[in-house]
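# Okay, here's the prediction I keep looking at, along with the sequence it came from:
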Amino acid sequence: MQETKLGRDFFIQDVLDVAPKLIGKLLCRKLPDNTVIKSRIIETEAYNGNGDLACHATKGKTERTKAFFYEGGHVYIYLCYGIHWLLNIVTGNKDEPQAVLIRAVEEAIGPGRVGKYFHLDKSHYGEDLTTSNVIWIEDDGINLTYISTPRIGIDYAGEPWISKKWRFVHETTKKTRKSKRIQ
DNA sequence: GTAAGGATTGGC
DNA sequence: CCAATCCTTACT
């Protein structure tokens, strides 16, 4: 099976094209001790800086969100709830704030778990997936089907953003998330 | 300088 | 259902 490292052309597409296409791709990571970890992406979410109130970059370019404005293919990582490092892939052209949140891979269900599984932290902020030798994404030719649903945990953004079906999940993924959170 | 809150998780 | 935990941002 031919494995191809995804290049710039893939990442400079619109975030709503990249997010679903990332389903089934292999997220790869080389640790300091040269151990290579690979896991298939099964859940993503799209964040678009163009008005989307759920997107960090919409509030403006800050020290925290500057990676959103990089050219597609870079990595945007931030600490959530003081505990979890969430991994995002920047898409689109330079100064077009868009990014795909990697919410889950096969071996790690949940965005916080992904960061932990791949040993990611602030030192990977702004890394370029197309040139980096510590984190990159491969396409091994396998295409997975997916469904679209509203995004998780962004109630504060209000309508119409809450209703946008910008979350993409591999169909057979069975999340054991406790039914639906009431309130 | 200080205070408030979050793209979550795991445990009770 | 609720606490943990710390960095970023907004405001006085």
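Perfect, thanks for sending it.

# For the rest of this, base every contact and every neighbour count on C-alpha atoms.
Noted.

# on contacts alone, who are the packing partners of the strand of greatest length in chain A?
Ranked by residue count, the top strand of chain A under DSSP state E comes out as strand A:36-48. Contact analysis of strand A:36-48 by 3 or more CA pairs under 8 Å, 6 or more residues apart in numbering; DSSP states H and E lists helix A:15-21, strand A:26-30, strand A:98-105, strand A:167-170 as its packing neighbours.

# among these, which is the most enclosed?
strand A:98-105 (a mean of 27; mean count of other CA atoms under 10 Å).

# What is that one packed up against?
helix A:15-21, strand A:36-48, strand A:84-90, helix A:111-117.

# next one: the third one to chain centre, how far?
Pointing back at strand A:84-90 there. Strand A:84-90 sits 6 Å away from the centroid of its parent chain (CA atoms, centre = their mean, to the nearest Å).

# Within its sheet, name the partner strands of that strand and how each one runs.
strand A:75-80 (antiparallel), strand A:98-105 (antiparallel) (DSSP bridges).

# could I get the ones you listed as CSV with mean pLDDT?
What follows is those, written out as CSV (pLDDT from 0 to 100):
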stretch, mean pLDDT
strand A:75-80, 97
strand A:98-105, 98
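
# what would those look like in a markdown table with distance to A:Ile89?
Below are the strands paired with strand A:84-90 laid out as a markdown table (distance: least, CA to CA, whole Å):
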| stretch | distance to A:Ile89 |
| --- | --- |
| strand A:75-80 | 5 |
| strand A:98-105 | 5 |
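
# Compare those and give me the one nearest DNA strand C.
Among the strands paired with strand A:84-90, the nearest to DNA strand C by CA to the nearest atom of the strand is strand A:75-80 (5.8 Å).
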